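Colleague: Predicted model and sequence below, questions to follow.
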Amino acid sequence: MMTWKRSMLVWLLLVNHANQAWGLKTTSLLNNSIQPNERSVRGVNNGMTAVHVLVVCKYYEINEDSLSWSESQTACESHAGGGRLAVIGNQLLNARLSSLMVTRGLASIWIDVNGVSLPGGDSDSDTCIPFNPWENGNVPQSSTVCAAIFSDGTWQDSDCSELMPSICQIDAIPDGIPDVPSCQTDTCNNNGVCQDQPGGGYVCSCDADYEGDNCETSVDLCTPSLCQNGGECVHADGSCVCLNGFDGTYCENCIAETVEQTGTLTESTSISLPSDMMTSVKGITSFTLDGDFYIMACAPDGSGCRGYTLNGAAFTELPSTFFDDTSLAYGWYAEPFVIGSDQYIAIAINKVGIGSDSSSFILKWDGTKFILHSSFPPTSSGASHVHFLSTVHGDFLILSNLQSFSSAIVDSIIYKWDDSSNQFISFQAIQTNQATEAISFVADQKTYLLFAENLTPNLYKLSDDGTQFEIYATTVPFSQPMSYSKFWFQCKWHLVVNKDTASVYVWETDHFVLTTDEISNSFLFTSDGGSCTFVADDYPFVVTANTFLLAFHRPRISDLVVENINYVFLEQNQPTACCGFTYNGNTYLLLGNKPVAYQWS
């Protein structure tokens, strides 16, 4: 008995009524050849996924194995349901079959015309339509014909030894083939409305947010995102939330600032923090989930990352169950990000020198808590930072590796999201020297990437085809940066480079240019300072901090110089990180090692 390696079955129920034919044909495997109101049925024959066709109480099966005409006949006869090569007796079935062949990419398949009346000008008994599918209307006169139907619906008397797929007419429907579905046997998901169809089958009318045969697939209006210039796509409706300095439907228009803004930073009396919330913290990030505001604060002293939520006037630490009891110890940085409609947090783990290995990992929100989604290879155990980057070529995570157990020169790894597996897979390794973080920016629809590392960093650009991050420039006007922050001003990107001092560089077409030697004297030592940027009243501001000073700066419109406009003396516990955020219409600043929030006014 021959085995069927590949086959496809299709249900097709035809009911003649007042010279009209009602049909049910497949959707999932027919794709564009199917009308919106038609549905599919799937079954399994000998372990093979199949689509079934029932035509006027007849059952057909397409075998996609390439066989000779006689081998195809033998294969049909060996079928569990008994059968023969199919006789295509009417124009409607002929048209449906040729349409299916186009969809499946089948150029020709074997059929049988031996021992039956050959079509050739007579009316189709089912549809009363003249039916002569032979090429050029030439009916073969031979007593034995090896007939093949082609994807355009024509037939030919072909060489019997030629190898091609075939279609069988089965005597009895095999066990396990499902009934024609209806609204009683299948349901439409996600509030879809089910409607039975004439002749069998059903149609799901889906809400705008869902698609698929049973409304089972969430519609992601942000894949791909049409938002430009760093605009964030809103998954609910596909609209764009633009960065400061842009407007337009897709954030395509740049708006240069016209009025200089100013303000001051003072300790907030409206928001309180747990006394240990910012202790030793060197990484602070924020995100909003289901209308609630959250902070992730990470300390490299082994205590790792902790989560907090802001409810009204106070931050409250989240219990370990909020992260499904996944240990966040030794987490140096937490990067919240969204893919589709799903919220994730990537945690950079650094256990080098601890004596044990551990991987960085990704958490995913399941509706009530964050659960472990995936882990990076053990080589990520020396990670210091993780950066999410969304581009027209896909979504990326850049894992900056500070060092390995044996070397400070170690590859930092770029991962790319794979839609088929819903996982990040390794995309590219880039050799770095004690990389502390990565930053990206988009200019003229090109995506650039920089690592902060212990040498003069290369500037990388994502290639036009999205296949790699290629070296764009081997020299930039700064070396050994410890960290970065950036802001958009006067329709140009400005990069704050933190080293012994904090300097600002502006991106001019294709390279960085120094705007001013130093922001201020607020950095005394590399290890005890940090910077961040935030926007207030549609104007960018820069914050720098070290052991003694918290300084507040703004860029000037007139000459693009970044000037100091306010500072606060700090009595103890130098800030090691900062994060600006907006809550209830007010702008606040959190500093590592400072148990208070600062408010901009």
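Modeller: Right, received. Where do you want to start?

Colleague: Let's check: the centremost residue of the protein is which one?
Modeller: Nearest to the geometric centre of the chain sits Ile339, at 5.0 Å (C-alpha atoms, centre = their mean).

Colleague: Go ahead and confirm that one touches Asp395.
Modeller: Yes. Applying C-beta atoms under 8 Å, one finds Ile339 in contact with Asp395, separated by 5.6 Å. (C-beta placed from N, C-alpha, C; glycine too.)

Colleague: Tell me how many other residues surround the closest residue to Cys578 other than its chain neighbours.
Modeller: Of all residues not flanking Cys578 in the chain, Cys532 sits nearest, at 4.0 Å (C-beta to C-beta, 6 or more residues apart in numbering). Taking other C-beta atoms under 10 Å as the criterion, the count of residues near Cys532 is 23.

Colleague: Quick check: beta-bridge partners of Cys532?
Modeller: Val543 (DSSP bridges).

Colleague: ok, now Tyr333?
Modeller: On the basis of DSSP bridges, Tyr333 is bridged to Ala348.

Colleague: Spit out the contact partners of it.
Modeller: 283, 285, 298, 305, 347-348, 383-386, 437 (C-beta atoms under 8 Å, 6 or more residues apart in numbering).

Colleague: now the strands for the stretch 501-601 of the chain?
Modeller: Listed in chain order, the strands found in the stretch 501-601 of the chain under DSSP state E, counting those that start in this stretch are 502-508, 511-516, 530-536, 539-545, 549-555, 562-569, 578-583, 586-591, 596-600.

Colleague: okay, those strands, which one's buried deepest?
Modeller: Stretch with highest mean neighbour count among these: strand 539-545 (a mean of 26; mean count of other C-beta atoms under 10 Å).

Colleague: which other helices and strands contact that strand?
Modeller: strand 483-489, strand 492-498, strand 502-508, strand 530-536, strand 549-555, strand 578-583 (3 or more C-beta pairs under 8 Å, 6 or more residues apart in numbering; DSSP states H and E).

Colleague: Please repeat the previous calculation with a cut-off of 7 Å.
Modeller: For strand 539-545, the packing partners by 3 or more C-beta pairs under 7 Å, 6 or more residues apart in numbering; DSSP states H and E come out as strand 483-489, strand 530-536, strand 549-555.

Colleague: if you count residues, which helix in the chain comes out on top?
Modeller: The residue-count maximum for a helix in the chain (DSSP state H) belongs to helix 91-104.

Colleague: who touches the following helix or strand past it?
Modeller: Counting by DSSP states H and E, the next helix or strand C-terminal to helix 91-104 is strand 108-110. The contact list for strand 108-110, computed with C-beta atoms under 7 Å, 6 or more residues apart in numbering, reads 62, 69, 72, 85, 101, 148-150, 164-167.

Colleague: the helices in this structure, which residues?
Modeller: 69-77, 91-104.

Colleague: so where's the stretch 351-500 of the chain uncertain?
Modeller: 353-357, 378-381, 404-408 (pLDDT under 70).

Colleague: ok, Tyr567 touching Leu550?
Modeller: Yes. Contact status for Tyr567 versus Leu550: in contact at 6.4 Å, counting by C-beta atoms under 7 Å.

Colleague: Tell me the buried residues in the longest helix of the chain?
Modeller: Neighbour counts over helix 91-104 (16 or more other C-beta atoms under 10 Å) mark 91-94, 96-101, 103-104 as buried.

Colleague: re earlier: find residues that contact each of Ile339 and Asp395.
Modeller: Here Ile339 and Asp395 have Trp417 as joint contacts, going by C-beta under 7 Å, 6+ apart.

Colleague: got the contact list for Trp332?
Modeller: Counting by C-beta under 7 Å, 6+ apart, Trp332 touches 283, 298, 300, 348, 350, 383-385.

Colleague: For those, pick the one with the most neighbours.
Modeller: Neighbour counts for the contacts of Trp332 (other C-beta under 10 Å) peak at Ala383, which has 31 neighbours.

Colleague: Might you report the residue contacts of that one?
Modeller: Contacts of Ala383 by C-beta under 7 Å, 6+ apart are 332, 348-350, 360, 399-402.

Colleague: would CSV of the helices and strands packed on strand 539-545 with distance to Val259 be doable?
Modeller: Output for the helices and strands packed on strand 539-545, formatted as CSV (distance: least, C-beta to C-beta, whole Å):
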stretch, distance to Val259
strand 483-489, 13
strand 530-536, 13
strand 549-555, 12
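
Colleague: do you know which of those strands lies nearest Pro457?
Modeller: Ranking the helices and strands packed on strand 539-545 by proximity to Pro457 (C-beta to C-beta) places strand 483-489 first, at 9.8 Å.

Colleague: what packs against that closest one?
Modeller: If contacts are counted by 3+ C-beta pairs under 7 Å, 6+ apart, strand 483-489 sits against strand 437-443, strand 446-452, strand 492-498, strand 530-536, strand 539-545.

Colleague: Please save the CA atoms from it in CSV.
Modeller: This file holds the C-alpha atoms of strand 483-489, laid out as CSV (Å, rounded to 0.1, in the frame of the first residue of the first chain):
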residue,chain,number,x,y,z
SER,A,483,26.8,56.7,29.5
TYR,A,484,24.6,58.7,27.2
SER,A,485,21.3,60.6,27.1
LYS,A,486,19.7,62.4,24.2
PHE,A,487,17.2,65.1,23.4
TRP,A,488,15.5,66.5,20.3
PHE,A,489,15.9,70.3,19.8
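
Colleague: before we move on, the earlier item: Ser182: which of the strands of the stretch 501-601 of the chain is closest?
Modeller: Per C-beta to C-beta, nearest to Ser182 of these: strand 578-583, 51.9 Å.

Colleague: Report all helices and strands that the closest one contacts.
Modeller: Counting contacts by 3+ C-beta pairs under 7 Å, 6+ apart, strand 578-583 packs against strand 283-289, strand 530-536, strand 586-591.

Colleague: Select, out of the ones you listed, the one closest to Thr258.
Modeller: Closest to Thr258 of those is strand 530-536 (C-beta to C-beta; 15.5 Å).

Colleague: what about that closest one, distance to the chain center?
Modeller: The chain centroid and the centroid of strand 530-536 are separated by 29 Å, computed with C-alpha atoms, centre = their mean, to the nearest Å.

Colleague: could you give the angle of it to strand 578-583?
Modeller: When axes from the mean of the first three to the mean of the last three C-alpha atoms, to 10 degrees is applied, the directions of strand 530-536 and strand 578-583 differ by 20 degrees.

Colleague: Give me the contact list for strand 530-536.
Modeller: Outside of strand 530-536, the residues within contact range by C-beta under 7 Å, 6+ apart are 244, 261, 263, 483, 485-487, 496, 498, 502, 540-545, 575-580, 587, 592, 600.

Colleague: No further queries at this time; thank you.
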